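*Asks:* following is a predicted model, sequence given first.
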Amino acid sequence: RHNWSLKWLHRTIVSSATYRQNSHVNRRAADVDPENRLLWHMQPRRIEAEVLRDTILLVSGQLNSEIGGPGYHDFRSEMSSSQLYFPVAAIGASFNRRTIYRTWVRSGRNLLLDVFDCPDPSAQTPVRAVTTTPLQALSLMNNALVLCMADHFAERLRRIAGNDVNKQVKQAYLLAYGREPDVEEIELAESFIHQHNLAAMCRVLFNSNEFLYVD
């Protein structure tokens, strides 16, 4: 009836009530269908490793949005009896491109991407694994890229909001979550910044479920 239009089909799907549901739990529905087989709510979905890296760069104001051209290398190679590849701290404007421009080699690994289930390039991966491990939280608190981007995020907040901590917190939530913080969140964040520093609070935002999951 619609001339086999995929655009019409996509529009119909994404505008449906089922597709537009949120992930909030309805206790009555959960009692009837705890496994969500009837699709009464959306399943929270963690963003992919590549999207996570790109989002951290974007929120920090460091994403290089250049399109096309050669990819970046986040590894170094050594030749012995065979070609060996070792990960390096890929920090700097030339590395801050979208992860789609990462140069892939079979044994070239990226510690941040690996821990968030980015497929091993040396193996076929029809379906990605989705895991939740302590290493993921540790990486988002200690990885060199995350530490550097937290500093840049803090600098960006100071440029926008000056030294007003209240304004810094509100701007941080807008950039990281796309919403304003409530009163309790502002109080907790301000207290945390005074005890530690703004960059540490930025790392906390990177490590939060609201940053990592689409719900």
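*Replies:* Arrived safely, thanks for sending.
*Asks:* flag the helix or strand of this structure with the lowest per-element mean pLDDT.
*Replies:* Counting by mean pLDDT, DSSP states H and E, the chain has its least confident helix or strand at strand 83-87, which shows a mean of 69.
*Asks:* check which element follows it along the chain.
*Replies:* Next in sequence after strand 83-87, counting helices and strands by DSSP states H and E, comes helix 111-115.
*Asks:* packing partners of that following helix?
*Replies:* Applying 3 or more CB pairs under 8 Å, 6 or more residues apart in numbering; DSSP states H and E, we find helix 111-115 packed against helix 49-59, helix 134-142. The C-beta positions use only the backbone N, C-alpha and C, and glycine is treated the same way.
*Asks:* return the distance of stretch 34-43 from the chain's centre.
*Replies:* When C-alpha coordinates are averaged (CA atoms, centre = their mean, to the nearest Å), stretch 34-43 and its chain have centres 24 Å apart.
*Asks:* which stretches in the protein count as strands?
*Replies:* 45-46, 75-79, 83-87, 213-214 (DSSP state E).
*Asks:* so how far is F95 from the residue sitting nearest the centre point of the chain?
*Replies:* Closest to where the C-alpha atoms of the chain average out (CA atoms, centre = their mean) is L52, at 2.2 Å. In this view, L52 and F95 are 16 Å apart by CB to CB, to the nearest Å.
*Asks:* where's the closest residue to T55 other than its chain neighbours relative to V214, distance?
*Replies:* Counting by CB to CB, 6 or more residues apart in numbering, T55 lies nearest to I47, which is 6.9 Å off, once chain neighbours are set aside. The gap separating I47 from V214 is 6 Å, by CB to CB.
*Asks:* I'm done for today, thanks for sticking with me.
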